[in-house]
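Asker: Using only what follows, build the 3D model:
(chains A, B and C)
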Amino acid sequence: MILDSISLVSWIGVVVFAISGALVASRKEMDIIAFIFFGTVTGIGGGTFRDLVLGVIPVFWVKEPAYLLVCAAASAATFFLAHLTLSRLKFLLWLDAIGMAAFCVMGAEAAASHGFIVAVTCGVITAVVGGFIRDMMGAEIPVIMRGEIYASAAFLGAAVFMLLRDVVARDLAILAGVIAAFALRGLALHFGWSLPVYRRRSSREQE
Amino acid sequence: MILDSISLVSWIGVVVFAISGALVASRKEMDIIAFIFFGTVTGIGGGTFRDLVLGVIPVFWVKEPAYLLVCAAASAATFFLAHLTLSRLKFLLWLDAIGMAAFCVMGAEAAASHGFIVAVTCGVITAVVGGFIRDMMGAEIPVIMRGEIYASAAFLGAAVFMLLRDVVARDLAILAGVIAAFALRGLALHFGWSLPVYRRRSSREQE
Amino acid sequence: MILDSISLVSWIGVVVFAISGALVASRKEMDIIAFIFFGTVTGIGGGTFRDLVLGVIPVFWVKEPAYLLVCAAASAATFFLAHLTLSRLKFLLWLDAIGMAAFCVMGAEAAASHGFIVAVTCGVITAVVGGFIRDMMGAEIPVIMRGEIYASAAFLGAAVFMLLRDVVARDLAILAGVIAAFALRGLALHFGWSLPVYRRRSSREQE
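Answerer: Numbers count the residues shown, from 1 in each chain, chains lettered A, B, ... in the order given. So this is what the prediction gives:
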């Protein structure tokens, strides 16, 4: 199998998301089957949802079952190796950042023929859904709701890819999108960047 | 674009559900991106699920991206204007009632060719799914589980539409279904109507 | 309608899952509409997801609405009869075991042409998704996360079916898969079997 750049980005995203899912299982002190379940659902969740809404069915892992094997293997490995990380939460967040950067471009690429708006939306959805299900399953606050810059980074990555793909070589557009998304998310993680939140204007305002 | 009556109902439903989703984000004091995320997912959730189960893919917002733009715009506007409402929860519940009334007919209409049972089920699902995801994401008790009359109103609206569509003009059947659903839900909201709940029969009965 | 063995297994799975969903509603002391909602979603959830990822759309209950009627009837009956069980939780877990055993084979059978890996994955997903949504909706800890042997039993049932289907008669392979899954899950339930969980290796290891 010769990997082109979008397949490579897709494999990287699936594997790091699978590990991030398994790390949530480790934080809950679950058994190895739960690791594989969390890891696989997180790894293939975003792409599955993308394929469904675009009507690309059967979904990608039915056509290429290797994705399932790799998710299961990465999750099982996490069961035995998670204790080697100093902070599982921190490691999880950085893996999640890599996965998000990979998936926002992968999702946009799959929907590129539907135009800018749909492609960028599809990129954000693909990037966000897997991690969202992972965090809901694990009863953690979803990354997207922590008030950090996250969906914005996925949006940036997908938009950069879409704007560049007609201008420069495809591989370069993919790389630029991934880097843009990861850079913004990484800076936000490192410096604790966040956006202003909604605040009640007066004491009169009820919930 | 000339709007026929089902498109109009569909647009109304999407916009009010989007605002209701953004209001949940406001109750959680989130940032503007979370508003757009909650609003868009709530606005397009029901229709997306309806399209998937009926096999109408790609789903509606891939074909008509204007829905995405309108959801994002309505959600962003809510970020700046939510403080103008006296009670966001009350406003949310009434918007939700309008959205539910619009979507139960819209869902039934999309599935009408599959017969009464599937059409009514599809109507209820379309009406319920978006708000359900919104409330689960926001860690609120889903409207459908509050013990109020809700799914019953969606059922009524879808059933009225299906019974009238072969008898009267299509626009009239749509209008009658929307009004029936909204009236029942509105009365239940206003008077606090609810259905009897399951009660344990004896102290011997365990959970 | 003449039932072949896979249809029979499918009907059994749908009905017992529907009752298990209605029992969660009974544990929350909800109204009859919530019973029907929980029961129907739980009964058709797994098969719906299976059909979507495999691209078999519209999904099964759009083609065969009798499934919807039976789910609604079983859920409504549960509303009136749930108090007859001595322990609703115990009854729920055993029904869930029957449903899981039926659905893991049903899911694998539907995906059999896609090869062993996809078929077994599809079997596990079909068996797990309905109960998972049921427990998430009911704010219960999902069965799959209780640390008991559950997904492993679904895996076993799907694998036994797939290994036997080219060797023995199809009906026998179906029966063997269902029995294998139910036996393993039943033994785990009865004896409280569980798999070893992940444990932090040292006090240095942070969450």
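
Asker: How about the secondary structure of the closest residue to chain C within chain A?
Answerer: Closest approach between chain A and chain C, counting by Cβ to the nearest Cβ: A:Ile57, at 3.3 Å. Heads up, the C-betas are built off the backbone N, CA and C, glycines and all. Under DSSP: H, G, I helix; E, B strand; the rest coil, A:Ile57 falls in the coil class.

Asker: Check A:Ser7 too.
Answerer: Put simply, A:Ser7 is helix when judged by three-state DSSP.

Asker: coming back round to it: grab the nearest non-local neighbour of the residue of chain A closest to chain C.
Answerer: What sits nearest to A:Ile57 in space, not counting adjacent residues and going by Cβ to Cβ, 6 or more residues apart in numbering or on different chains, is C:Gly55, at 3.3 Å.

Asker: That neighbour is in contact with A:Phe60, isn't it?
Answerer: No. Between C:Gly55 and A:Phe60 there is no contact under Cβ atoms under 8 Å: 11.6 Å.

Asker: Smallest gap between chain A and chain B, at which residue?
Answerer: Closest to chain B within chain A is A:Gly55: 3.2 Å, counting by Cβ to the nearest Cβ.

Asker: That residue - how many residues pack around it?
Answerer: By other Cβ atoms under 10 Å in any protein chain shown, the residues close to A:Gly55 number 16.

Asker: Repeat that for the one 3 residues further on.
Answerer: For A:Pro58, the number of neighbouring residues by other Cβ under 10 Å comes to 17.

Asker: measure the residue of chain A closest to chain C to A:Phe49 for me?
Answerer: Separation of A:Ile57 from A:Phe49 (Cβ to Cβ, to the nearest Å): 12 Å.

Asker: show me what contacts A:Phe17?
Answerer: A:Thr42, A:Gly43, A:Gly45, A:Gly46, A:Leu95, A:Asp96, A:Gly99, A:Phe103, A:Gly130, A:Gly131, A:Arg134 (Cβ atoms under 8 Å, 6 or more residues apart in numbering or on different chains).

Asker: and which of the residues you listed is nearest C:Ile6?
Answerer: Within the contacts of A:Phe17, the smallest distance to C:Ile6 is 28.3 Å, found for A:Gly45 (Cβ to Cβ).

Asker: Give the next helix or strand downstream of the helix or strand where that closest one lies.
Answerer: For A:Gly45, the enclosing helix or strand under DSSP states H and E is helix A:32-54. Per DSSP H and E, the first helix or strand lying C-terminal to helix A:32-54 is helix A:60-63.

Asker: what does that following helix rub up against?
Answerer: With Cβ under 8 Å, 6+ apart as the test, helix A:60-63 has contacts from A:44, A:47-48, A:51, A:67-68, C:53-55, C:111, C:114, C:118, C:121-122.

Asker: With stretch A:169-188 instead?
Answerer: When contacts are defined by Cβ under 8 Å, 6+ apart, stretch A:169-188 is touched by residues A:5-6, A:9, A:94, A:97-98, A:100-102, A:104-105, A:108-109, A:127, A:148-150, A:152-154, A:156-158, A:160-161, A:164-165, A:167-168, A:193-194.

Asker: So what's the gap between stretch A:95-110 and the chain middle?
Answerer: Centroid separation for stretch A:95-110 versus its chain: 5 Å, with Cα atoms, centre = their mean, to the nearest Å.

Asker: Can I get that stretch in CSV? Just the C-alpha atoms.
Answerer: Extracted in CSV, the C-alpha atoms of stretch A:95-110 (Å, rounded to 0.1, in the frame of the first residue of the first chain):
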residue,chain,number,x,y,z
LEU,A,95,-2.4,13.8,21.2
ASP,A,96,-5.9,15.2,20.8
ALA,A,97,-4.3,18.3,19.3
ILE,A,98,-2.4,16.3,16.7
GLY,A,99,-5.5,14.2,15.9
MET,A,100,-7.7,17.4,15.6
ALA,A,101,-5.1,19.0,13.2
ALA,A,102,-5.0,15.8,11.1
PHE,A,103,-8.8,15.3,11.0
CYS,A,104,-9.9,18.9,10.2
VAL,A,105,-7.9,18.7,6.9
MET,A,106,-9.0,15.1,6.2
GLY,A,107,-12.6,16.0,6.7
ALA,A,108,-12.4,19.2,4.6
GLU,A,109,-10.6,17.2,1.8
ALA,A,110,-13.3,14.6,1.7
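
Asker: pLDDT value on the spatially closest residue to A:Gly13 that is not a sequence neighbour, please?
Answerer: Spatial nearest neighbour of A:Gly13, chain neighbours left out: A:Ala102 (3.2 Å); criterion: Cβ to Cβ, 6+ apart. A:Ala102 is assigned 95 on the pLDDT scale.

Asker: Let me know the helix or strand that A:Ala102 is in.
Answerer: Taking DSSP H and E as the criterion, A:Ala102 maps to helix A:88-110.

Asker: Return the angle between stretch directions for that helix and helix A:32-54.
Answerer: 30 degrees (axes from the mean of the first three to the mean of the last three Cα atoms, to 10 degrees).

Asker: heading toward the C-terminus, what's the first helix or strand past helix A:88-110?
Answerer: Downstream of helix A:88-110, the first helix or strand assigned by DSSP H and E is helix A:116-137.

Asker: quick one: secondary structure of A:Asp166?
Answerer: Under three-state DSSP, A:Asp166 falls in the coil class.

Asker: Which residues of chain A lie near chain C?
Answerer: Within chain A, the positions lying close to chain C (Cβ under 8 Å from any Cβ of the partner chain) are A:25-37, A:40, A:48, A:52, A:57-59, A:61-62, A:65, A:68-69, A:79, A:82-83, A:85-89, A:136-137.

Asker: Filter those down to the buried ones.
Answerer: The neighbour count (16 or more other Cβ atoms under 10 Å in any protein chain shown) marks A:25-28, A:30-37, A:40, A:48, A:52, A:57-59, A:61-62, A:65, A:68, A:79, A:82-83, A:85, A:88, A:137 as buried among the residues of chain A next to chain C.

Asker: coming back round to it: with pLDDT as extra columns, can I get the contacts of helix A:60-63 in CSV?
Answerer: Converted to CSV, those look like this (pLDDT from 0 to 100):
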residue, pLDDT
A:Ile44, 95
A:Gly47, 94
A:Thr48, 95
A:Asp51, 95
A:Tyr67, 96
A:Leu68, 96
C:Val53, 93
C:Leu54, 94
C:Gly55, 92
C:Ala111, 95
C:His114, 95
C:Val118, 96
C:Thr121, 94
C:Cys122, 95
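
Asker: Contact partners for A:Ile117?
Answerer: Neighbour list for A:Ile117: B:Pro65, B:Leu68, B:Leu69 [criterion: Cβ under 8 Å, 6+ apart].

Asker: what helix or strand is the last one on?
Answerer: Think B:Leu69. With DSSP H and E as the test, B:Leu69 turns up in helix B:66-81.

Asker: angle of that helix against helix A:116-137?
Answerer: Angle, helix B:66-81 to helix A:116-137, by the same axes, to 10 degrees: 60 degrees.

Asker: so where's chain A shaky on pLDDT?
Answerer: A:1-3, A:201-207 (pLDDT under 70).

Asker: what's the most centrally placed residue in it in contact with, if anything?
Answerer: Centroid-nearest residue in chain A: A:Met100, 3.2 Å away (criterion: Cα atoms, centre = their mean). Applying Cβ under 8 Å, 6+ apart to A:Met100 gives the contacts A:Ala127, A:Val128, A:Gly131, A:Tyr150, A:Ala153, A:Ala154, A:Gly157, A:Ala181, A:Phe182, A:Arg185.

Asker: So which of these sit within helices?
Answerer: A:Ala127, A:Val128, A:Gly131, A:Ala153, A:Ala154, A:Gly157, A:Ala181, A:Phe182, A:Arg185 (DSSP state H).
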